[in-house]
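> fold the following, please.
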Amino acid sequence: MERNSLEIERDSLKGFAKLTKKWELQSRIDRKNEEIDLLIVGLSGIVKRYGFQNVHDFYKTFAVSKTANAEYRDKAERWEEKYGENTGRQEKESVYKRIQNHQRGKTDIQTKQTSKSRDGGAR
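Model (predicted):
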């Protein structure tokens with residue numbers, strides 16, 4: 001990031017500043033390039049310690065595992081929506097409502113039978 005900004009600054013120099021400041025900026029860019037090369041070598045050593053041939057192989061494996069992780073999370077969310085704790089509460093509520101409806105139905109039937117028997121005796 002810093003190297004890119006230095007290169008842009010170097011490339012945008014004009015006139016006398018181009019002659020004087022260009023060499024300073026170029027040396028700073030060269031130092032950044034050396035730092036980047038050291039980091040690349042270090043990264044290569046790290047991935048080799050973990051069994052990868054090179055950094056490219058590591059990144060390929062990382063991309064595959066990232067995709068697999070995203071798919072797993074998506075499936076876990078769908079499972080949670082379908083079978084999770086909140087679903088259990090809804091099922092309990094619906095069972096409770098069914099029991100209440102059943103009891104109301106029995107009460108209604110008893111009330112109708114009682115009123116029929118009263119009506120039948122009045123004739």
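> low pLDDT regions in the chain?
16-19, 86-93, 112, 114-123 (pLDDT under 70).
> for stretch 3-15, which positions count as buried?
6, 10 (16 or more other C-beta atoms under 10 Å). C-betas here are computed from N, CA, C, even on glycine.
> output it as CSV, nothing but the C-alphas.
What follows is stretch 3-15, C-alpha atoms only, in CSV (Å, rounded to 0.1, in the frame of the first residue of the first chain):
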residue,chain,number,x,y,z
ARG,A,3,4.9,1.3,-1.9
ASN,A,4,2.0,2.0,-4.3
SER,A,5,1.6,5.5,-3.0
LEU,A,6,5.3,6.2,-3.3
GLU,A,7,5.3,5.0,-6.9
ILE,A,8,2.3,7.3,-7.7
GLU,A,9,4.1,10.2,-6.1
ARG,A,10,7.3,9.4,-8.0
ASP,A,11,5.5,9.1,-11.3
SER,A,12,3.6,12.4,-10.7
LEU,A,13,6.7,14.5,-10.2
LYS,A,14,7.3,17.3,-12.6
GLY,A,15,10.1,19.7,-13.4
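> centre-most residue in the protein?
residue 70 (6.2 Å; C-alpha atoms, centre = their mean).
> any idea which helix or strand carries that one?
Here residue 70 sits within helix 55-83, counting by DSSP states H and E.
> show me what that helix is packed against.
Counting contacts by 3 or more C-beta pairs under 8 Å, 6 or more residues apart in numbering; DSSP states H and E, helix 55-83 is packed against helix 15-49.
> got the angle for the helix it packs on vs helix 55-83?
Here helix 15-49 points in a direction 70 degrees away from that of helix 55-83 (axes from the mean of the first three to the mean of the last three C-alpha atoms, to 10 degrees).
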